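Asks: Mind folding the following:
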Amino acid sequence: MSALRVVVVGAGKMGAHHARVFAVTPGAKLEAVCDVDASRAARVAAAHGAGMARTIDEAIERADLVVIATPTTMHFAHACAALVKGRYVLVEKPLCTDAAEARTLGAIARANGTEIFIGHSERFNPVVRAIARDIAGDAVLRFATRRTSDAARGEDLCLNLAVHDIDLAALFCGPRVDLRSASGDGEGAEILLDANGALARLSVARSSRRVRTIDVQTARFSYAGNLDTHQAWRDVTNLSVDRAEPLALQALATVKAISRSDPNGSPVARVADGERAVSMARKAMSLLLNNASPCQV
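Replies: Below you'll find the predicted structure:
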């Protein structure tokens, strides 16, 4: 099979990272980079020996896989344009702005014989992989995450931050996830989920101090991890954690999913995963807006 032609649409921070990893991903060839700022697209493309596409239509024509790293409000339109042309698509999280858009994208992909993947790259975090590997099928009883970030003011706190941890809750506990409650406001929130029968507690907040932690309880062990420092523990025992870059692993998993070359099934997020995360985030934010109260996280 010839190398998968990859075009990155959006040459900002995340787009530049996607271009970098796909340029060296086995089975892929970075064909071009596209951005409304042509000079920025040219710089990112030149750094990795790729060309530049001047329009979204040109980008799609040159691609087998279109990687979308544009602002969230543009995800739906850009993904639609690629999917109707039969291209595979990898969209940065969140998949889109609401669940209805997500369902529409899934339908368009199926109608055109292609597939859409979502950049929930926390799935590939070394700590997440180490804990998931050690749990090895044990049922999760409780799940908790804490995430703080200097997310842009005015952006949806849940849609931009909590989607990461909603996806992780489903990954660890099972795909049946329901919202139990959400308290706080637009600056900090605590979200409670029923995740396949397990209690999942997700804390998110805007802060200049970056924090990303995870705690998982099974019937046998308690697990804890720091997603930034790549440290993980089972009870008081250190877990072995490799340092492979999550975005690079996600790129490789996407290529394997398209080529159907992974006998264990690719762990990259699909449209159902993206729809779930967006739907739960939107429901949580709706509760916060309707019943705002300060939340310490």
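Asks: Start from the N-terminal end of the chain and give the helices.
Replies: 13-22, 38-47, 56-61, 72-83, 99-111, 126-135, 157, 163-173, 246-259, 271-290 (DSSP state H).
Asks: Output those in TSV; the columns should cover mean neighbour count.
Replies: In short, each C-beta sits where N, CA and C put it, glycine included. Formatted as TSV, those follow (neighbours: other C-beta atoms under 10 Å):
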stretch	mean neighbour count
helix 13-22	21
helix 38-47	17
helix 56-61	18
helix 72-83	20
helix 99-111	18
helix 126-135	19
helix 157	22
helix 163-173	25
helix 246-259	21
helix 271-290	21
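Asks: export the ones you listed to TSV and tack on distance to residue 141 and mean pLDDT?
Replies: Shown next, in TSV, are the helices of the chain (distance: least, C-beta to C-beta, whole Å; pLDDT from 0 to 100):
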stretch	distance to residue 141	mean pLDDT
helix 13-22	34	98
helix 38-47	45	97
helix 56-61	46	97
helix 72-83	33	97
helix 99-111	28	96
helix 126-135	11	96
helix 157	27	86
helix 163-173	9	97
helix 246-259	26	97
helix 271-290	20	93
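Asks: wait, which of these is closest to residue 183?
Replies: helix 271-290 (7.6 Å; C-beta to C-beta).
Asks: got a list of contacts for that closest one?
Replies: Contacts to helix 271-290, defined as C-beta atoms under 8 Å, 6 or more residues apart in numbering, come from residues 91, 93-99, 101-103, 105-106, 109, 115-116, 118, 120, 156-159, 162-163, 166-167, 170, 175, 177, 179, 181-186, 189, 191, 193.
Asks: rewinding a little: nearest to residue 221, of the helices of the chain?
Replies: The closest of these to residue 221 is helix 126-135. By C-beta to C-beta, the value is 7.8 Å.
Asks: tell me the contacts of the nearest residue to residue 41 once chain neighbours are set aside?
Replies: Using C-beta to C-beta, 6 or more residues apart in numbering and skipping the chain neighbours, the partner closest in space to residue 41 is residue 35 (3.8 Å). Each residue near residue 35 by C-beta under 8 Å, 6+ apart is listed here: 9, 10, 11, 12, 15, 41, 44.
Asks: Likewise for residue 172?
Replies: 131, 132, 135, 140, 143, 195, 216.
Asks: which one of the residues you listed is nearest residue 27?
Replies: residue 132 (24.3 Å).
Asks: before we move on, back to that, would you list the contacts of residue 35 in JSON lines and tack on distance to residue 286?
Replies: Formatted as JSON lines, the contacts of residue 35 follow (distance: C-beta to C-beta, whole Å):
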{"residue": "9", "distance to residue 286": "30"}
{"residue": "10", "distance to residue 286": "28"}
{"residue": "11", "distance to residue 286": "33"}
{"residue": "12", "distance to residue 286": "28"}
{"residue": "15", "distance to residue 286": "30"}
{"residue": "41", "distance to residue 286": "37"}
{"residue": "44", "distance to residue 286": "37"}
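Asks: Identify, from the residues you listed, the entry nearest to residue 207.
Replies: residue 12 (22.2 Å).
Asks: wait, doesn't that closest one sit right on residue 69?
Replies: Yes. Shown here, residue 12 and residue 69 form a contact pair, counting by C-beta atoms under 8 Å, at 6.6 Å.
Asks: When the two are compared, which one has more neighbours?
Replies: The neighbour comparison of residue 12 against residue 69 (other C-beta atoms under 10 Å) goes to residue 69, with 25 against 15.
Asks: mind checking pLDDT for that one?
Replies: Looking at residue 69, its pLDDT reads 98.
Asks: Any idea which of the helices of the chain gets closest to residue 240?
Replies: helix 126-135 (6.6 Å).
Asks: starting at the chain centroid, how far to the closest one?
Replies: 17 Å (C-alpha atoms, centre = their mean, to the nearest Å).
Asks: Likewise for stretch 214-226?
Replies: Distance, centroid of stretch 214-226 to centroid of chain: 22 Å (C-alpha atoms, centre = their mean).
Asks: One more: stretch 90-110?
Replies: The answer for stretch 90-110 is 13 Å, by C-alpha atoms, centre = their mean.
Asks: Dump it to PDB, restricted to CA.
Replies: The C-alpha trace of stretch 90-110 is given here as PDB (Å, rounded to 0.1, in the frame of the first residue of the first chain):
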ATOM      1  CA  LEU A  90      -8.900  13.400  11.800                       C
ATOM      2  CA  VAL A  91     -10.500  16.300  13.700                       C
ATOM      3  CA  GLU A  92      -8.900  18.000  16.700                       C
ATOM      4  CA  LYS A  93     -11.100  17.700  19.800                       C
ATOM      5  CA  PRO A  94     -13.800  18.700  20.300                       C
ATOM      6  CA  LEU A  95     -15.300  17.000  17.300                       C
ATOM      7  CA  CYS A  96     -17.700  19.900  16.800                       C
ATOM      8  CA  THR A  97     -19.900  22.300  18.700                       C
ATOM      9  CA  ASP A  98     -22.900  20.000  19.500                       C
ATOM     10  CA  ALA A  99     -24.200  16.400  19.300                       C
ATOM     11  CA  ALA A 100     -26.400  17.100  16.300                       C
ATOM     12  CA  GLU A 101     -23.400  18.100  14.200                       C
ATOM     13  CA  ALA A 102     -21.600  15.000  15.400                       C
ATOM     14  CA  ARG A 103     -24.400  12.700  14.300                       C
ATOM     15  CA  THR A 104     -24.500  14.500  10.900                       C
ATOM     16  CA  LEU A 105     -20.800  14.000  10.400                       C
ATOM     17  CA  GLY A 106     -21.100  10.300  11.200                       C
ATOM     18  CA  ALA A 107     -24.000   9.900   8.700                       C
ATOM     19  CA  ILE A 108     -22.000  11.800   5.900                       C
ATOM     20  CA  ALA A 109     -18.900   9.600   6.600                       C
ATOM     21  CA  ARG A 110     -21.000   6.400   6.300                       C
END
